[in-house]
Every structure is written in C-alpha cells, then in structure tokens.
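> Next one to model:
(one chain, ligands or ions: 1)
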Amino acid sequence: MNVDFIIVGQGLAGSALAMALIERDASVIVIDSEDENSASRVAAGLVTTVAGKGMNLSWRQAEYLPEALSYYKKLEEISGKKLFHPLETLRLFDGDKQSAKFHNKREQLAGWVRDAEIADLEKWNAAHGGFIMKNGGWLDSKTYLQVVRKLLAGRYRVDAFSEKDLVYIEGGVSWKEITAKRVILCQGARAFTEKGLFSSLNHRSAKGEILTVKIPKADQGKIINRNGWLIPIGNERWRVGANYEWEDMDGKITQAGRDEIERKLRNLTDKSFEVIEHCAGVRPIMRKSQPYVGHHPHHPEVSFFNGLGSKGVTTAPSVARHFADHLVTGSQIDVDLSL
Ligand SMILES: Cc1cc2nc3c(=O)[nH]c(=O)nc-3n(C[C@H](O)[C@H](O)[C@H](O)COP(=O)(O)OP(=O)(O)OC[C@H]3O[C@@H](n4cnc5c(N)ncnc54)[C@H](O)[C@@H]3O)c2cc1C
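Modelled structure (predicted):
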C-alpha cells in the first residue's frame with residue numbers, strides 16, 4: 001500500500017488532521033492501538049471559555065472556537081449524530097476575593113459572560129455567587145471518534161506502531177507493507193511517557209480522573225464549574241472531574257483520585273449521589289500549554305502534532321487545518337505552533 005501520510009493515533013489530534021488532509025485530497029492511513037484510557041476516549045470534552053482561577057479567556061479562543069464548532073457541526077450533518085452539546089456554564093466563585101477579581105475583569109470578558117440568576121445560584125452551594133459563561137458546551141468525544149473512524153473506512157487500522165519497524169527510504173518512509181511520504185505521530189501523552197523520537201521534548205503531562213455519577217432530581221440545565229466541573233449528560237447522570245496528578249502517569253484510576261472528585265462534588269451540592277463509572281487518562285501538556293506541530297530535526301519525514309493539553313476540543317481543528325496546509329502546500333508553520 002502506498003499513501004501520502006501515515007498518521008499514528010486517532011485521538012482529537014490525529015482525527016482532525018486526518019479529516020483536514022483528506023479534505024485536501026491527500027491519501028492517509030491511520031494506525032491506532034485503541035488504548036482504552038487515551039485522553040480523547042476519557043475526556044469530558046468541555047469547552048470552558050473563561051478558564052481557571054485567573055478567569056482568563058483561553059489562548060486564541062476567539063479565533064479557534066468558531067472554527068471548532070463549525071467543524072463539529074459539519075460532521076454532525078454528515079453523520080446524523082449529535083456531537084457538540086452547546087450549554088451555558090454556571091461558574092461559582094470560591095470566595096469573595098475571586099468575586100472581586102471577576103468584577104475587575106468583567107469588561108475584558110464582555111461577550112463571553114453574563115450575570116447569574118438567583119434561581120440558578122440557589123440550586124447549588126454558591127455562598128459567594130458566580131456568573132454565567134456563554135458560548136461553551138461539551139463534545140461527546142467518544143461519539144466523535146466513532147464518527148471519524150467510520151469516515152476513515154478502508155483508511156484505518158487497529159495496530160500498535162513501533163518506531164523500530166520504521167524504515168527510511170528514498171522519498172519517505174515504510175512501515176510494515178505501507179510506504180508513505182511521511183509519518184505523523186499524534187500519540188498524545190504516549191509520545192512522552194514512552195521512549196521515542198519526540199520523547200525528549202519539554203512536557204508536563206498531567207493525569208486526570210473523572211467520575212460518572214447519578215444525582216437524582218438535580219437541575220440539568222447548565223454545566224457547573226468551581227475548582228472542577230459537573231456536566232449534565234441526561235437521565236440524571238453527570239460527569240464530574242477532574243483532578244490534576246503530575247507525577248503518576250500510568251493512566252489508571254485511584255482511590256485518592258476518586259476521593260478528591262467526590263469531595264469537589266460534595267462542595268457543590270448537598271444532594272446524595274451514586275458513582276456509576278470511574279476513568280482516567282493523561283493530558284499531553286507541553287511548554288506554554290499550547291499545541292505544537294513540526295518535523296523531527298534528524299528525520300524530517302517524521303512529523304509531530306501534540307500538546308493539546310486541556311483544550312483539545314477547541315484547538316485541534318484549527319491547528320490540524322493549519323498543519324495540513326503546511327504538509328500539502330509547504331506553507332510556513334505559525335511560529336507559535338512550531339516545535
Ligand atoms: C481527565 C481528562 C479530562 C479532560 N477534559 C478535557 C476537556 O474537558 N476539554 C478538552 O478540550 N480537553 C480535555 N482533556 C484533554 C484532551 O482530552 C486532550 O487534549 C486530547 O484528547 C489529546 O488528544 P491527542 O489526540 O493528542 O491524544 P490521545 O487522546 O491520547 O490520542 C492518542 C491516540 O494515539 C494512539 N496511540 C498512541 N501511541 C500509539 C502507538 N504506538 N501505536 C498505535 N496507536 C498509538 C492511542 O491509542 C490514542 O488513540 C481532558 C483530558 C483528560 C485526561
């Protein structure tokens with residue numbers, strides 16, 4: 001088999017890149033070992049427009065979010081499946097200091113936020129008040145990956161890629177019986193936790209755990225956020241998370257992780273809940289918490305797309321489009337995205 005590009009990994013990075021390359025008439029094959037705890041398979045898929053304790057707009061959000069939403073919408077139209085669930089978020093303050101900070105920043109956040117209604121605040125433990133984030137929601141990332149996989153029919157293979165089997169040939173590479181101009185590694189955190197061509201890159205990946213819980217009779221009209229989040233997914237079920245663990249990169253669930261998330265939940269509501277599912281994955285975070293694309297300095301036919309961090313849903317489609325343009329036309333890589 002002869003293709004233009006071998007893509008390793010069908011997470012948020014590899015999926016968006018494969019779609020962008022196919023749109024540009026390139027031929028691809030995607031190889032994925034279908035790791036159960038890959039970040040994209042466990043991710044909450046949240047788009048949080050005013051993020052973190054600092055309550056800042058995410059990097060390039062005004063540019064990247066509209067492109068991401070139209071990308072998911074197009075796939076919804078093609079597949080007939082609901083992928084992105086637009087939903088406002090009730091962001092609760094953790095103290096009066098945070099509330100004051102928000103009011104100082106309010107002008108900068110115009111267009112992204114509005115006042116919270118008392119009726120909403122009364123449904124949660126919201127002693128310090130809060131505000132509403134507009135323009136967000138959540139991506140059903142499992143369904144999204146299935147939709148892309150279906151669109152890749154005949155161009156997708158379940159297999160474990162090993163760099164040991166990669167042979168450098170004139171004009172490209174070969175791997176097993178496939179020859180290609182280039183192989184693009186979209187391996188998420190495994191690019192750093194396993195030894196490989198890019199594992200020496202500066203990264204600070206973070207494991208995260210998520211619970212799915214049932215909370216009878218809690219209003220499911222909004223995502224709730226305070227030092228963690230609560231996403232309504234229907235039928236009284238919610239996804240709750242996530243913690244950040246910086247040392248342990250095995251991607252396995254832990255009792256300590258579960259306890260931490262249950263504590264976050266108890267801080268938000270006095271209602272009783274039942275844990276239905278518990279999962280974990282590792283976020284691939286690189287310097288500046290931004291995505292990066294590029295080529296290996298000694299093996300230019302081996303490329304890389306990674307570093308989606310905690311914002312893969314928003315950033316992957318635009319970065320994939322930009323990298324696909326570069327791969328197909330040779331256009332310059334944006335310096336801020338360049339390895
Ligand atoms: C707990 C948690 C919560 C998160 N919440 C959010 C959120 O709310 N919003 C948001 O935007 N982001 C969130 N993220 C981050 C987001 O999930 C990641 O940024 C994104 O999924 C990374 O995608 P990726 O394609 O780079 O990597 P991955 O999802 O890890 O995909 C890599 C793929 O490569 C395959 N692979 C790797 N090595 C090989 C190999 N050698 N051979 C074959 N296949 C291979 C794996 O099977 C996998 O499918 C969260 C992450 C975690 C862990």
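> Ends of stretch 99-117, what's the gap?
One end of stretch 99-117 to the other measures 15 Å (C-alpha to C-alpha, to the nearest Å).
> what residues does that stretch touch?
Applying C-beta atoms under 8 Å, 6 or more residues apart in numbering, the contact partners of stretch 99-117 are 49-50, 55, 57, 90, 93, 128-135. All C-beta spots, glycine's among them, are computed from the backbone N, C-alpha and C.
> Show me what residue 133 bridges to in the sheet.
For residue 133, the beta-bridge partners are residue 89, residue 113 (DSSP bridges).
> which residues touch the nearest residue to residue 99 once chain neighbours are set aside?
Nearest non-adjacent residue to residue 99, counting by C-beta to C-beta, 6 or more residues apart in numbering: residue 93, 4.4 Å away. Residues near residue 93 by C-beta under 8 Å, 6+ apart: 99, 102, 128-130, 226.
> mind putting those residues in a markdown table, pLDDT, secondary structure and neighbour count included?
Formatted as a markdown table, these follow (pLDDT from 0 to 100; DSSP: H, G, I helix; E, B strand; the rest coil; neighbours: other C-beta atoms under 10 Å):
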| residue | pLDDT | secondary structure | neighbour count |
| --- | --- | --- | --- |
| 99 | 94 | helix | 15 |
| 102 | 94 | helix | 18 |
| 128 | 95 | coil | 15 |
| 129 | 96 | coil | 16 |
| 130 | 96 | strand | 23 |
| 226 | 93 | coil | 20 |
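> Pick the one among these closest to the ligand.
Nearest to the ligand, judged by C-beta to the nearest ligand atom, of these is residue 226 at 15.0 Å.
> which residues in the chain form helices?
Assigned helices in the chain, in chain order: 12-23, 39-42, 61-79, 96-105, 118-121, 141-151, 190-193, 255-268, 312-329 (criterion: DSSP state H).
> what's the burial count for the residue in the stretch 51-200 of the chain that the ligand sits nearest to?
Using C-beta to the nearest ligand atom, the closest approach of the stretch 51-200 of the chain to the ligand is made by residue 188 at 2.2 Å. For residue 188, the count of nearby residues is 26 (other C-beta atoms under 10 Å).
> now swap in residue 322 and tell me
By other C-beta under 10 Å, neighbour count at residue 322 equals 18.
> ok, the residue in the stretch 1-150 of the chain that the ligand sits nearest to - contacts?
When scored by C-beta to the nearest ligand atom, the stretch 1-150 of the chain has residue 11 as its residue closest to the ligand, at 2.2 Å. By C-beta under 8 Å, 6+ apart, the contact list for residue 11 reads 38-41, 145, 186, 188, 312.
> Roughly how far does the residue in the chain sticking out farthest from the centre sit from residue 309?
Residue farthest from the centre of the chain, counting by C-alpha atoms, centre = their mean, is residue 170 at 35.7 Å. Separation of residue 170 from residue 309 (C-beta to C-beta, to the nearest Å) stands at 37 Å.
> Same question for residue 9.
Relative to residue 309, residue 9 is positioned 16 Å away (C-beta to C-beta).
> which of those two has more neighbours?
The neighbour comparison of residue 9 against residue 309 (other C-beta under 10 Å) goes to residue 9, with 27 against 22.
> so the more buried one sits right up against residue 39, yeah?
No: using C-beta atoms under 8 Å, residue 9 makes no contact with residue 39, being 10.5 Å away.
> shared neighbours, these two?
residue 188.
> How about the residues of the stretch 101-250 of the chain by the ligand?
Listed as neighbours of the ligand in the stretch 101-250 of the chain under the rule C-beta under 6 Å from any ligand atom: 160-161, 186-190, 208, 210, 241-242.
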